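>>> Structure for this input, please:
(one chain, ligands or ions: 2)
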Amino acid sequence: MNPHLVGNWVDVAGEALETGWSRKALTDLAKLEVPADILGDMAWVIRGDAAATWAQWFLESLIDSAPYESREDLGFAHLYEELRRILRDELHACPMDEVSALASQIAKVAWREISFRRESGLRKSPSKEQRKRLWLRNEPDPRCYLCGYKFCEAAKDRFLNGGDIGDIARPLLFDFMRPRGLHAVDLTIQIDHVRPVRAGGATDDENLRFACGWCNRAKSGHMQLYGASSWVNHRIQHPLLGWVSIPRPLWVVRMTQLRARCEDPSGCSATLATNELYVAPKRTTGAFNPSNCRIYCDVHDPWAGIRFVGEKVLSAKSP
Ligand SMILES: [Zn+2]
Ligand SMILES: [Zn+2]
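Ligands and ions are numbered 1, 2, ... in the order given. Below you'll find the predicted structure:
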């Protein structure tokens with residue numbers, strides 16, 4: 001860590017944090033390059049998710065997709081011509097063949113998005129046959145693709161035969177970083193659209209996965225880290241660790257799914273396909289967040305034995 005760079009950056013960032021709505025503080029912060037040490041080893045997700053958001057805003061700023069989503073008569077050629085016109089006006093010093101090439105590149109990406117969204121209105125929930133097919137694809141070891149949780153027999157019965165949710169036994173203890181099971185619905189098998197329906201995700205086999213109710217709710221319609229809602233984001237008094245922050249569920253789900261394997265330095269082979277995976281902060285003095293995160297299997301979990309707590313601990317009101 002470069003103490004000078006980090007110190008200077010933290011000073012300027014501190015101003016922006018303190019005065020959230022100050023134009024000057026934000027302009028000063030935006031001028032500085034973010035030191036690599038700030039982002040941690042998950043910088044690729046943190047930067048990647050931000051860049052994906054910017055790309056989406058850029059596309060939407062050029063062309064409002066609403067008319068294309070609503071009017072079938074507006075096709076790709078129309079979109080391309082419109083983009084070419086817009087870019088020609090903005091890039092008047094640029095040769096026309098370069099403008100056309102850029103319009104074509106942008107039109108292809110924008111059209112893919114528009115096509116997804118056009119179809120999303122026609123989506124139905126998965127058919128009975130599809131559910132059966134998905135089941136067979138996940139046999140013999142159906143797990144949540146986001147956390148690796150192995151579904152219980154009652155959840156299987158409910159999924160296949162419409163069994164009663166009351167038959168799904170709630171656990172006695174809960175992982176305080178991911179308190180799945182506080183509600184029976186957390187333990188059910190749900191069909192998740194990897195690309196959310198809201199973002200145009202299709203109801204076809206490629207886009208459908210089994211998720212536990214907890215992860216499915218945490219992921220919801222999100223595609224990046226930055227949309228995290230703050231539900232269940234609070235502090236608990238852990239009997240051994242003392243006061244700890246409970247991370248935002250979306251972070252837990254996204255970081256686990258993107259790493260997808262145990263990160264123990266021994267080179268453990270556990271993955272989401274074979275094991276349930278747990279999150280813990282890399283720097284144990286700090287709170288878990290996208291900059292401070294490690295994924296472990298139950299064997300290498302540094303919090304094995306203290307991770308699971310009773311409902312009372314989770315529901316106690318923090319001061
Ligand atoms: Zn899950
Ligand atoms: Zn492991």
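>>> and V10, what element?
With secondary structure defined by DSSP states H and E, V10 is part of helix 3-18.
>>> residues in contact with that helix?
22, 25-26, 28-29, 32, 34-35, 37-38 (Cβ atoms under 8 Å, 6 or more residues apart in numbering). To be clear about C-beta, it is placed using only N, CA and C from the backbone, and glycine gets the same treatment.
>>> With just CA atoms, put that helix into PDB.
C-alpha atoms of helix 3-18 as PDB (Å, rounded to 0.1, in the frame of the first residue of the first chain):
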ATOM      1  CA  PRO A   3       0.700   5.500   2.200                       C
ATOM      2  CA  HIS A   4       1.000   8.800   0.500                       C
ATOM      3  CA  LEU A   5      -1.400   8.000  -2.400                       C
ATOM      4  CA  VAL A   6      -4.000   6.300  -0.100                       C
ATOM      5  CA  GLY A   7      -3.700   9.100   2.500                       C
ATOM      6  CA  ASN A   8      -4.300  11.800   0.000                       C
ATOM      7  CA  TRP A   9      -7.200  10.000  -1.600                       C
ATOM      8  CA  VAL A  10      -8.900   9.200   1.700                       C
ATOM      9  CA  ASP A  11      -8.600  12.900   2.600                       C
ATOM     10  CA  VAL A  12     -10.400  14.000  -0.500                       C
ATOM     11  CA  ALA A  13     -12.900  11.100  -0.400                       C
ATOM     12  CA  GLY A  14     -13.600  12.000   3.200                       C
ATOM     13  CA  GLU A  15     -14.900  15.400   2.100                       C
ATOM     14  CA  ALA A  16     -17.200  13.900  -0.500                       C
ATOM     15  CA  LEU A  17     -18.500  11.400   2.000                       C
ATOM     16  CA  GLU A  18     -19.100  14.000   4.600                       C
END
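>>> List the buried residues for it?
Judged by neighbour count (16 or more other Cβ atoms under 10 Å), helix 3-18 contains these buried residues: 5, 9, 12-13, 16.
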